[in-house]
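S.K.: here's a sequence, model it:
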Amino acid sequence: MEAGFSVWQALTLASISGWMLVASLFDITKRVRSLVQPRVERQVLADIPFTLRIQKWQNGFLDNFFSLVSCVVSVPFYTGFLPLLFWSGHGKLARQMTLLMAFCDYIGNCIKDVVSAPRPSCPPVRRLTSTEDEKQHAMEYGLPSSHALNTVCLTGYLLHYVLTYGAPNDGMTIIGGFSIVFLFVMLVGIARIYLGMHSLIDVIAGICFGLIILVFWLFVHGYVDSFIISGQNITSFCVSLSFLLCFAYPTPEFPTPSFEFHTAFTGVAFGIVIGVQQTYNNFHHENVPRIFTPQLSLQTFLFRILIGIPAILTVKFCSKAISKWLLPIVCNTLGVPIVSSCYVPSLKENNNEEMKSTGYAQRLFCLFPQKVYDVDTGIRFVQYAGLAWSVVDLVPSIFAFLNL
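M.R.: Predicted coordinates:
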C-alpha cells in the first residue's frame, strides 16, 4: 500500500489545481487568445505568398517525399516505433522518449487551442493530406506546428542520449550530430509548408517552443527517470496528475481533435510509467540484453516483433471493449451525466429525461459539477494506457516465458 503524497507531489498537484481555479475565475484562456490570435492571423495571411512560392516546385516526387517525411515524424509513427525500442533492450531511451512525446503533445496542443489560430487558407494554398492522420491534423489549429516541435525535442534528445551513452564525445561527432538534427528539422519544417499544413510562423513557433521544452527536459529527465524506477506513490500520483491534466486543458474557440490526441498519449505515458515501475527489476534494468548482441540476436528480435505487435493490439482492443462497457456503468452509479461522441452509440445524444430522473442521493453526493462529460475521453485514455502497459509488462513477460 502506497504512503501519502510527498511534499513535491502535493505541491505539484496543488499548483495545477490552483492554476485551474485562477484560469477559470479570470478567464485567462480568452484573454490570452484575444491578445495573440489577431497577430498570428495577420502573420498567417502575410506568409501565404511565401508558401505559394515553395509550392510552385510541386511535383509527384516531392508530394510523396514530403508526405513520407511528415509520416515519419507523426504521432502514429512514434507510437509504433517506441515499442520496438523497448523490446530491443533500450528501455531508458524508450521511456524517456515516450514521456517527452507525451509532454510535447500536451504542451503543443494546449498552445494550439489557447491561440486558436487558423492554418493557411485553402485555396489559394494547396493542402495535401495523404493519410487519415494528416486529415485529422488538418482539423486542428495551426500554431505551433506539432511536427516541428516534436522533431526538435525527440531528435534533440536522441542526439543527447547518443552523445552521452553511445558515440565517442569528440568534436567531429558532435558537429556531425548537430548538423544531421538541424537538417532534419529544416526538412520537416519545409515539408509542413510545402504540404500546405502550416505557415512559416507556425513552423518557427514550433521550433522555438520545441527548443524551450527540450532544454527543460534535459534538466529534469534524470529526476523523472529516478522517480519512475524507484519513487514512492507512483500510481496514485500519476492517476491524480492525469486526471488534473485532463481538466486543466484549455477550451479552444471551436472543438478540434487536439484534446483527443493529448488524451491518447497521456494514457500511453500513464501505462508506461505504471508498467515500468512494476517490472523494472525484471525487464527494464540497465543490464537487459540489447539488440545486435549475442544475448539478443536480430532473429530473436524479429520473433519478438511477430509476437509482441499482435499481443499489444489485442490488449488495446480488449481495453477499449471493457471500458466501453464499464465506464458508463461507473459514471451512472456516481451520478455523472455523460454523452459519447463516437464510441457508445446509445449515449451519442444527451438524454435529458434520464438526467432529470437521477436520484436525489446521486445528485447530492455526485463528485462532479452538473455538466455533461464525454465518456469517450475515459475510454480513449484506458485503451491507450492498456496498450502501453502491455508493451512494458505483459509482452516482456511473454518473451520471458518463451525464452526470447
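
S.K.: look up how far Ser74 lies from Ser67.
M.R.: 10 Å (Cβ to Cβ, to the nearest Å). Any C-beta I mention is one placed from the backbone N, CA and C, and that applies to glycine too.

S.K.: identify the contacts common to the two.
M.R.: Common neighbours of Ser67 and Ser74 (criterion: Cβ atoms under 8 Å, 6 or more residues apart in numbering): Glu134.

S.K.: so where is the stretch 151-300 of the chain shaky, pLDDT-wise?
M.R.: By pLDDT under 70, the weakly predicted segments of the stretch 151-300 of the chain are 167-169.

S.K.: can you pull out the helices in it?
M.R.: 171-194, 200-230, 234-248, 258-279, 298-334 (DSSP state H, counting those that start in this stretch).

S.K.: nearest to Gly378, of those helices?
M.R.: Minimum separation from Gly378 across those (Cβ to Cβ) falls at helix 298-334, 4.9 Å.

S.K.: look up how far Val268 lies from Tyr161.
M.R.: From Tyr161 across to Val268, the span is 20 Å (Cβ to Cβ).

S.K.: more neighbours, these two?
M.R.: Taking other Cβ atoms under 10 Å, Tyr161 and Val268 do not tie; Val268 has more neighbours (27 against 16).

S.K.: just give the closest residue to that one, not the sequence neighbours.
M.R.: Nearest in space to Val268, with sequence neighbours left out and distances taken as Cβ to Cβ, 6 or more residues apart in numbering, is Ala388 at 4.4 Å.

S.K.: hmm, who's touching the helix or strand harbouring that neighbour?
M.R.: Element membership for Ala388 (DSSP states H and E) is helix 375-389. Contacts of helix 375-389 with the rest of the structure, by Cβ under 8 Å, 6+ apart, involve 98, 242, 246, 259-260, 263-272, 274-275, 312-313, 315-316, 318-320, 322-324, 327-328, 331, 338-344, 347.

S.K.: which of those residues are buried, as a PyMOL select command?
M.R.: Selection of buried members from the contacts of helix 375-389 for PyMOL, criterion 16 or more other Cβ atoms under 10 Å:
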select buried, resi 98+242+259+260+263+264+265+266+267+268+269+270+271+272+274+275+312+315+316+319+320+323+324+327+328+331+338+340+343+344+347
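
S.K.: hang on, the earlier thing: tell me the helix or strand right after the helix holding Ala388.
M.R.: helix 395-401.

S.K.: what residues sit buried inside that next one?
M.R.: By neighbour count with 16+ other Cβ under 10 Å, helix 395-401 contains the buried residues Val395, Pro396, Phe399.

S.K.: which ones are touching the residue lying closest to the first one once chain neighbours are set aside?
M.R.: Okay, so that is Val395. Spatial nearest neighbour of Val395, chain neighbours left out: Gly308 (4.6 Å); criterion: Cβ to Cβ, 6+ apart. If you count contacts by Cβ under 8 Å, 6+ apart, Gly308 has them with Pro83, Trp87, Val391, Val395, Ile398, Phe399.

S.K.: and of those residues, the nearest to Leu154?
M.R.: Nearest to Leu154 out of the contacts of Gly308 is Pro83 (Cβ to Cβ; 15.5 Å).

S.K.: tell me the one of the buried residues of helix 395-401 nearest Ser146?
M.R.: Nearest to Ser146 among the buried residues of helix 395-401, counting by Cβ to Cβ, is Val395 at 28.2 Å.

S.K.: just checking, that closest one touches Leu306?
M.R.: No - judged on Cβ atoms under 8 Å, Val395 makes no contact with Leu306 at a distance of 11.6 Å.

S.K.: and Gln96, how many residues sit next to it?
M.R.: Based on other Cβ under 10 Å, the number of other residues close to Gln96 is 22.

S.K.: so which bits of the helix or strand that contains it are buried?
M.R.: If you go by DSSP H and E, Gln96 is part of helix 91-115. For helix 91-115, the neighbour count (16+ other Cβ under 10 Å) marks 91-115 as buried.
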